[in-house]
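>>> got a sequence here, can you model it:
(chains A and B)
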Number of protein chains: 2
Amino acid sequence: MKITFLGTAAGLPTAERGLPAVLVEVEGEYILFDCGEGTQRQMAKAGFSLGKRMNVFISHLHGDHVFGLPGMIQTMNLLNRVHPLHIFGPPGLCKFIQSTTVSTMSEPTFQLAVEEASQGEVFSCKNYRVEGAWAEHSRANIAYRLTVGGSRGTFMPKKARRLGVPEGPLWSRLKGGESVRLEDGRVVEAAEVLGEPMPGRVVVYSGDTRPSEAVARLAKGADILIHEATLSEALLAAAERDGHSTASGVAKMAADAGVGRLILTHISARYKDPAVLLAEARRFFPKAEVAEDLASYELKI
Amino acid sequence: MKITFLGTAAGLPTAERGLPAVLVEVEGEYILFDCGEGTQRQMAKAGFSLGKRMNVFISHLHGDHVFGLPGMIQTMNLLNRVHPLHIFGPPGLCKFIQSTTVSTMSEPTFQLAVEEASQGEVFSCKNYRVEGAWAEHSRANIAYRLTVGGSRGTFMPKKARRLGVPEGPLWSRLKGGESVRLEDGRVVEAAEVLGEPMPGRVVVYSGDTRPSEAVARLAKGADILIHEATLSEALLAAAERDGHSTASGVAKMAADAGVGRLILTHISARYKDPAVLLAEARRFFPKAEVAEDLASYELKI
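Below you'll find the predicted structure:
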């Protein structure tokens, strides 16, 4: 699994930082978190192909997180993309995609599915699953938890028989993680008949948010937490007013949530050098890092 | 007057070429032709400020020429822009701006005026004027002629009196370039009472177009013609089908139109090295050039 920061700026792009987008590559598929203006060009610079399988997860509908979508869709069209493109995000996303593609006639020739998401499970497939939690910002904003390669424990038929569960549909439901009620009224939990689960690798992406308990819960035990840290603690009042986090606020939360690695992004244009953010984060999370455009992080699945 | 190419790609951005935008700086004001995705970031890279006086002239509503507008407007908002922003372009522009700014709530706090333009005079102010002509593309497309610093000849009162034109409103109309009819029925042309006109400096920008007589007329005698040259002559059929020009087609037209300098832009992503386009253009226009991103050209006013 490879995580590449395509854009690490906050609302204003700079010569050094493009607008927000993070691309995770898993088994040759792409998972894109946010799609700020310029994302398709950053992808070209980093050598990613717009023809590959990809799902997009949008945190919120502020322009700096979505204005790369119409151009990316148009370019996929020009390139005769074959794979469908699924885009998930908060309410309003369908209207945004519809109005921007229709008004410039770049309505896609490939299958484009736009799904308005909420908290809880947003998407799952063979290789990964994504859950959401409502973050706290000035607009409806979803933080995402990506789990790659995790699996439920192996089903143990002997145990199921011993508990009196007859082979058939009830076994399937237990394998799927559900609990089942037997004819005699007893309830058998999946955990009773499944081996040790494989936890998988977990990456949590925050979008814009002030420090949020829901995001903290979502980040619990994550291998990597990618979190906005727009401002330093010196600008706490502005951060609170605008629904943003400070570097130390995030670092405290990350330490409490027991994440393995903390990468700060969404860096305000005022910090030509993000050293001040890094220093204050490291007081609470000694290995905190600040993302740079086109930097990649590998994570073994 | 300084002309800076912010993006020189055709529909697909590459690592080397951003999407179309050309910025002309005149007396500290900006005149922007097209605004492809990523324009605001290219402006940051080139050191241009989004707070300055600026008018934008859009050639047509294909995404690669306009998808930089919503983000630029949002950034101007974040920066508390004071000056109004005027955007001119073909029909459909108002709807595009309206739908993209409203759906992401980046409706501007400064005065944003969007004007659907046509051929003929599009805009004029103290420092410059802009005329348009319909180019030939798969969508309504305007080529623009920018004249900077030109003026009509000085009015000569003696000559006017000698021709029997009474001082007053008729003098004003002659100064403005009109012809007037005197009481005795004679017609006096402005040229008879005005000195040698100052031609001004002329830059013509094509947008996407197949070779077009209207664009050729618009370019007549221009100091600089900036023209799309998406493809080489080897792909003439594709160029004709998609409403684009080949490098040699443009060069022939530029030579016939007697322009001073020809700069080719809107270079297809297939040309990693545009040498083939340059070579074929130079057969007909020996000093033809191919624009590169962030290259600037000075022109004395």
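
>>> just so I have it, where are all the strands in the stretch 151-300 of chain A?
Assigned by DSSP state E, counting those that start in this stretch, the stretch 151-300 of chain A shows strands spanning A:180-181, A:187-188, A:201-205, A:224-228, A:261-265, A:289-290, A:296-298.

>>> what does the stretch 1-150 of chain A give?
According to DSSP E, counting those that start in this stretch, the strands that the stretch 1-150 of chain A contains are A:2-7, A:21-26, A:29-33, A:54-57, A:85-89, A:112-116, A:120-124, A:128-134, A:142-148.

>>> from the ones you listed, which stretch is densest packed?
With neighbours taken as mean count of other CB atoms under 10 Å in any protein chain shown, the strands of the stretch 1-150 of chain A reach their highest mean count in strand A:142-148, at a mean of 25. Placement of C-beta: from N, CA and C, glycine included.

>>> give me the residues contacting that strand.
A:1, A:24, A:26, A:31, A:33, A:57-60, A:89-90, A:117-119, A:122, A:127-135, A:200-207, A:209, A:212, A:214-215, A:218-219, A:222, A:301 (CB atoms under 8 Å, 6 or more residues apart in numbering or on different chains).

>>> just name the most buried of the strands of the stretch 151-300 of chain A.
strand A:224-228 (a mean of 28).

>>> chain neighbours aside, what residue packs nearest to the residue in chain A sticking out farthest from the centre?
Ranked by distance from the centre of chain A (CA atoms, centre = their mean), the top residue is A:Asp184, with 43.2 Å. Distances taken as CB to CB, 6 or more residues apart in numbering or on different chains place A:Gly164 nearest to A:Asp184, at 7.5 Å, with adjacent residues excluded.

>>> now swap in A:Pro274 and tell me
Take A:Pro274 and drop its neighbours on the chain: the residue closest to it by CB to CB, 6+ apart is A:Val290, 4.4 Å away.

>>> now tell me what touches the one helix or strand in chain A whose mean pLDDT sits lowest from outside.
When each helix and strand of chain A is scored by mean pLDDT, DSSP states H and E, helix A:93-103 comes last, with a mean of 85. Residues from elsewhere that reach helix A:93-103, judged by CB under 8 Å, 6+ apart: A:58, A:61, A:66, A:69-70, A:73-74, A:87, A:107-108, A:112, A:114-116, B:61, B:92, B:95-96, B:99-100, B:103-104.

>>> next one: it to chain centre, how far?
How far helix A:93-103 lies from its chain's middle: 22 Å, per CA atoms, centre = their mean, to the nearest Å.

>>> may I see the buried residues of that helix?
A:93, A:96-97, A:99-101, A:103 (16 or more other CB atoms under 10 Å in any protein chain shown).

>>> switch these over to JSON lines; also include distance to A:Pro13.
Written out in JSON lines, the entries for those read as follows (distance: CB to CB, whole Å):
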{"residue": "A:Leu93", "distance to A:Pro13": "22"}
{"residue": "A:Phe96", "distance to A:Pro13": "20"}
{"residue": "A:Ile97", "distance to A:Pro13": "22"}
{"residue": "A:Ser99", "distance to A:Pro13": "23"}
{"residue": "A:Thr100", "distance to A:Pro13": "19"}
{"residue": "A:Thr101", "distance to A:Pro13": "23"}
{"residue": "A:Ser103", "distance to A:Pro13": "23"}
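
>>> and the helices in the stretch 151-300 of chain A?
For the stretch 151-300 of chain A, applying DSSP state H, counting those that start in this stretch gives helices covering A:157-162, A:169-175, A:213-219, A:236-242, A:247-257, A:275-284.

>>> make CSV from those and add distance to A:Ala10, mean pLDDT and mean neighbour count to it.
Below are the helices of the stretch 151-300 of chain A laid out as CSV (distance: least, CB to CB, whole Å; pLDDT from 0 to 100; neighbours: other CB atoms under 10 Å in any protein chain shown):
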stretch, distance to A:Ala10, mean pLDDT, mean neighbour count
helix A:157-162, 52, 96, 13
helix A:169-175, 45, 93, 16
helix A:213-219, 17, 97, 20
helix A:236-242, 10, 95, 15
helix A:247-257, 12, 98, 22
helix A:275-284, 11, 98, 18
